[in-house]
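Asker: mind looking at a prediction? Sequence and model below.
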Amino acid sequence: MTTSIYYVGYDAAHPGDFIYDIPEGHDFWLLILTQTPAEFWVQGEIREYPANCAVLFPPRQKIMYRACSGPFVNDWVRFETDEAYVLETPFPRGIPIPVPDPGYCRQLFQLLATENFFSCDYRELSIDYLFRLLFNKLLEAFQSKEHSPHYQKLLDLRKAIHNRPGGEWSVPSMADDVHLSPGYLQALYKATFGISCMEDVIQCRIRLAKERLSHGSLRIADISELCGYKNVEHFSRQFRRIVGCTPREYRQSAHLRP
């Protein structure tokens with residue numbers, strides 16, 4: 001079982017009159033990820049689709065898409081494969097599907113391009129892993145529920161929280177970042193992720209604290225500050241509420257583990 005790339009590109013920019021029309025299709029697979037709105041030939045008619053859609057064209061299927069409302073930008077890969085995860089995927093053929101986290105998928109296209117352009121020892125294995133991951137994300141996008149128009153902003157906010165739990169997070173500051181009212185942000189965040197934004201911050205801070213208590217020699221006061229707490233007593237109370245023991249007790253038990 002193999003997957004071979006003919007060519008892969010990302011951030012490809014085309015003028016406003018761009019059109020790609022292959023009536024008989026190709027002899028290989030084509031996967032594109034749009035970064036701008038575009039029009040596609042779907043089920044016998046031209047339809048307009050928003051930016052950040054993925055489209056998978058199998059061999060010998062009509063392909064037609066073109067720019068609309070300005071220049072067209074996309075990522076794309078031409079490939080052949082006999083892998084079941086592609087041949088048997090329920091992901092639709094020739095129909096654009098919105099991708100909830102397009103930035104993540106664009107990074108995968110960039111990594112595919114890097115692996116394909118250079119002859120590294122594990123090139124084929126790396127390409128296979130990246131293709132599997134990309135198709136998993138596309139399948140998630142296809143099977144996910146319809147997201148709100150603010151989903152991408154909420155997702156970026158959550159990534160930032162998980163990456164920097166010790167930042168000065170507050171509901172008003174987060175609401176400003178995503179240009180929503182504080183009340184609407186809280187309701188939308190919990191409806192989207194199943195947890196409130198501030199509880200997400202607290203959980204991430206405690207997770208970071210547990211990591212630093214288990215591995216490292218920082219003082220508890222320093223860990224408290226690193227995790228975004230200005231008061232070590234408040235940190236200890238919150239840690240005990242969530243973990244069930246004090247930070248000192250957690251560190252002692254962690255050091256006793258084999």
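Answerer: Great, that's in hand. Numbers count the residues shown, from 1 in each chain.

Asker: tell me where the stretch 1-150 of the chain has helices.
Answerer: 84-87, 102-117, 123-143 (DSSP state H, counting those that start in this stretch).

Asker: burial count for the residue nearest to Val243 when sequence neighbours are not counted?
Answerer: Of all residues beyond its chain neighbours, the one nearest Val243 is Tyr250 (6.0 Å), with distances taken as CB to CB, 6 or more residues apart in numbering. From N, CA and C alone the C-beta is placed, and that goes for glycine too. Counted with other CB atoms under 10 Å, residues neighbouring Tyr250 total 20.

Asker: ok, which stretches of the protein are strands?
Answerer: Secondary structure of the chain (DSSP state E): strands at 3-14, 19-22, 29-34, 38-42, 45-49, 53-57, 63-67, 72-81, 97-98.

Asker: tell me the angle the fourth one makes with strand 29-34.
Answerer: Right, strand 38-42. Strand 38-42 runs at 140 degrees relative to strand 29-34, counting by axes from the mean of the first three to the mean of the last three CA atoms, to 10 degrees.

Asker: could you dump strand 38-42 to CSV, C-alpha only?
Answerer: Extracted C-alpha coordinates of strand 38-42, given in CSV (Å, rounded to 0.1, in the frame of the first residue of the first chain):
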residue,chain,number,x,y,z
ALA,A,38,-14.5,30.1,-5.1
GLU,A,39,-17.1,28.7,-7.5
PHE,A,40,-17.3,24.9,-8.1
TRP,A,41,-19.1,22.6,-10.5
VAL,A,42,-21.1,20.5,-8.2
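
Asker: which helices and strands does that strand pack with?
Answerer: Packed against strand 38-42 by the contact rule (3 or more CB pairs under 8 Å, 6 or more residues apart in numbering; DSSP states H and E) you find strand 45-49, strand 63-67.

Asker: adjacent strands (with direction) for it?
Answerer: strand 45-49 (antiparallel), strand 63-67 (antiparallel) (DSSP bridges).

Asker: His14 is nearest to which of those strands?
Answerer: Nearest to His14 among the strands paired with strand 38-42 is strand 63-67 (6.1 Å), distances taken as CB to CB.

Asker: what residues sit buried inside that closest one?
Answerer: Across strand 63-67, burial judged by 16 or more other CB atoms under 10 Å covers Ile63, Tyr65, Arg66, Ala67.

Asker: would you mind giving the residues you listed as TSV with pLDDT and distance to Gln110 added?
Answerer: Formatted as TSV, the buried residues of strand 63-67 follow (pLDDT from 0 to 100; distance: CB to CB, whole Å):
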residue	pLDDT	distance to Gln110
Ile63	97	23
Tyr65	97	22
Arg66	96	25
Ala67	95	22
